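Q: Dropping the sequence and predicted coords here.
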Amino acid sequence: MEKYTLLIVDDEAEVLQVMIKKINWESLGFTVIGTADNGLKAIEMMEKYQPDVMMTDIRMPYMDGLELSQRVRTEFPATKILIFSGFDEFEYVKEALRLEVGEYILKPVSSIELTEIFTQLKVKLDQEISESRNVENLEVFYQESLPLMQNNFYSNLLEGRIKEEDLDKYLVNYQIPLNAPYYCCLVLHTSLSQVPDELNPVLMATSVQQQAQKYFSTKWQAHFFSYLGETIILVQLQNTQDLSELTDECDRFCKYVLHLIKAVVTIGIGQICDTIIKLEQSYTSGRMAVSYRGIYGASRVININEVAPQEAEQYNLTNETDISDLFKKIHTGSKREIEDSANHFLDHLYAQAQLFHQHTVAVSELIGDLYQFTTNNSLSVEEILGNIKELYLWLPDLNPEALRKWLVEVSLTLNEKLASARNSSTQTLVLKAQEYVRHHFSDTSLSLDDLTEILGVSNSYFSSIFKKVTGETFISYLTNYRLNIASRLLLETDEKSYVISEKVGYADPNYFSYVFKRRFGQSPLKYRMGHEVSET
């Protein structure tokens, strides 16, 4: 029998205990994974556990139940929400309906009533899971996916086979509404090595595409098609600033399908283009972004404009040659893969260039490609390739083994320099964020959204690299920084607690006391008194 997880939120400890003890949750098909006595703590538990159901009171400190429900509806769309409250004012009920809350239950609530509500909820959840995993439904969806003519149009578009003068004719004939100021390609990669037993890999990919259509179609006017074994999502943007919001939305989707159907999905976001004809470039950079999952990890979004802006603008993989494969391996491959690709490239070169002048031309083109690749990625040409004029003179004269050794060494050096450049960029971004906190920690309105807007990156990308570098989330870092300042002010000044609260960025003194006690194990007043006693 399918078991579902439940988080209960109420600031009354007695109510929490009664609900846990009076209801046989296991027999109803639910497991209580935790309780929270305020909305902020509930958000932390939501991030950690992502429960199937959250049941919350309305009136609570720091964040009420309606605000909490709004956050959960936005950030954890798979979670069902139940509200129980002693307040039956129309405005509360109306807001709950707007948030699509499953049930609005008035206190006091009996165990019989709760049992009936959760029995019905269990049936509904079972039905939704069944629909998501039903093999027959997925097979039907797979057969009835995007029409062949539309998919063929998109494929030709990505391969540069559509002439600009013919574009409008195709859009009208195939009933494809594309009329936004900007467009962007998302390359959606589903791991086929981590699939539940009841689904085969093809049906898993189909299920992910089905969920993506529900998730992105309306807001982003998205179009879906398959190309080279991947699902491609063509989204329409009203302005370039929408890219950060799109990135965060994609990151939430990756977490959503991982929770719902255990699908490991990576989304690569390509560069923005202002015409459909340029979609080929957006797809190419989106495909490159997906290949970075070996560096940044899977089950997340990777925006090429954030991780490698130079490549988004200049690096093009549409020419599927051996040199393109070598450059791709230099970016994301292992040492063995880079060596194999370099040797494969030279095998092809020697097979095609039989005469000496042909060999000289081929090696000269290789030097030009390596020069372009190095400059495009903002690396030092002289440091990696040496003097280019001299290189053109002596490199063509090398024997095959010496040339192989040289190309492998250069390729591995490029790989190391790119990895170092990425790490340096990441460190710089984190240092900028920490510097900003040092100068603005007293700003009560300081938030993750404000900071990422200033830094020009998405929430999801910044959050992942900040935790990777520092070992903690940005919110934890900000909280700890503020509390460390507060603890010093408590010991070094005679200022009131509420004054210190405002100085370190907390508008609500009660909430300041709450987080301070959670960190130091005692209230600000006791903390100050305890240190005064120890000093005497």
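A: Yep, that arrived.

Q: Looks to me like residue 187 is in a helix.
A: No: counting by DSSP: H, G, I helix; E, B strand; the rest coil, residue 187 falls outside a helix, being strand.

Q: pLDDT score assigned to it?
A: Residue 187 is assigned 95 on the pLDDT scale.

Q: Please tell me how far it sits from residue 212.
A: According to C-beta to C-beta, to the nearest Å, residue 187 and residue 212 sit 12 Å apart. For every residue, glycine as well, the C-beta is placed using N, CA and C.

Q: Which residue is the nearest non-sequential neighbour of residue 191?
A: In space, and not counting its chain neighbours, residue 191 is closest to residue 264: 3.9 Å by C-beta to C-beta, 6 or more residues apart in numbering.

Q: residue ranges for the helices of the stretch 1-150 of the chain, please.
A: Under the criterion DSSP state H, counting those that start in this stretch, the stretch 1-150 of the chain contains helices at 13-22, 25-28, 39-49, 65-75, 90-98, 111-133, 135-143, 148-158.

Q: Which of those sits closest to residue 233?
A: Distance to residue 233, taken as C-beta to C-beta, is lowest for helix 148-158 among the helices of the stretch 1-150 of the chain, at 10.8 Å.

Q: Tell me how many other residues surround residue 509.
A: When neighbours are counted by other C-beta atoms under 10 Å, residue 509 registers 16.

Q: So it is in contact with residue 503, correct?
A: No: the criterion here is C-beta atoms under 8 Å, and residue 509 misses it with residue 503 at 11.4 Å.

Q: quick one on the thing from earlier: what's the most buried one of the helices of the stretch 1-150 of the chain?
A: helix 65-75 (a mean of 19; mean count of other C-beta atoms under 10 Å).

Q: Next, give phi and psi for the residue nearest to residue 191.
A: phi -90, psi 110 (degrees, to the nearest 10).

Q: contacting residues for it?
A: Contact analysis of residue 264 by C-beta atoms under 8 Å, 6 or more residues apart in numbering lists 190, 191, 194, 258, 298, 299.

Q: Please tell me which one of these counts the most neighbours.
A: Using other C-beta under 10 Å as the neighbour test, the contacts of residue 264 are led by residue 190, with 23 neighbours.

Q: Which one's more surrounded, residue 187 and residue 212?
A: A count of neighbours by other C-beta under 10 Å puts residue 187 above the other of residue 187 and residue 212, at 27 against 23.

Q: Now do the longest helix seen in the chain: which elements does it pack against?
A: In the chain, taking DSSP state H as the definition, the longest helix is helix 400-440. Other helices and strands packing on helix 400-440, by 3 or more C-beta pairs under 8 Å, 6 or more residues apart in numbering; DSSP states H and E, are helix 322-332, helix 335-352, helix 356-376, helix 381-385, helix 448-455, helix 459-470, helix 474-492.

Q: Can you give me the buried ones in the shortest one?
A: So that's helix 381-385. Residues 381, 384, 385 are the ones in helix 381-385 that count as buried (16 or more other C-beta atoms under 10 Å).

Q: And for the fifth one?
A: By neighbour count, and taking 16+ other C-beta under 10 Å as the criterion, the buried residues in helix 448-455 are 448, 451, 452, 455.

Q: The longest one too?
A: Of the residues in helix 356-376, those with enough neighbours to count as buried (16+ other C-beta under 10 Å) are 359, 362, 363, 366, 369, 370, 373, 374, 376.

Q: distance between it and the chain's centre?
A: Remark: helix 356-376 is offset 38 Å from the chain centroid, using C-alpha atoms, centre = their mean, to the nearest Å.

Q: which residues sit against that helix?
A: Contacts for helix 356-376 (C-beta under 8 Å, 6+ apart): 310-311, 314-315, 323, 327, 330, 345, 349-350, 352-353, 380-381, 384-385, 388, 391-392, 395-396, 403, 407, 410, 414.

Q: does residue 195 really touch residue 206, like I thought?
A: No: distance between residue 195 and residue 206: 11.8 Å, which falls outside the contact criterion (C-beta under 8 Å).

Q: if we can go back for a sec, can you say which of the contacts of helix 356-376 are buried?
A: Buried by 16+ other C-beta under 10 Å: 311, 315, 323, 327, 330, 345, 349, 381, 384-385, 391, 395-396, 403, 407, 410, 414, out of the contacts of helix 356-376.

Q: Tell me where the model's unsure across the stretch 201-350 of the chain.
A: In the predicted model of the stretch 201-350 of the chain, residues 294-295, 308-322 satisfy pLDDT under 70.

Q: Quick one: the helices in it, in order.
A: Counting by DSSP H, counting those that start in this stretch, the stretch 201-350 of the chain has these helices, from start to end: 201-220, 242-261, 279-291, 293-296, 304-307, 309-314, 322-332, 335-352.

Q: want to try a markdown table for the ones you listed, with distance to residue 116 as columns?
A: Conversion of those to a markdown table gives the following (distance: least, C-beta to C-beta, whole Å):
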| stretch | distance to residue 116 |
| --- | --- |
| helix 201-220 | 30 |
| helix 242-261 | 26 |
| helix 279-291 | 47 |
| helix 293-296 | 46 |
| helix 304-307 | 49 |
| helix 309-314 | 55 |
| helix 322-332 | 54 |
| helix 335-352 | 59 |
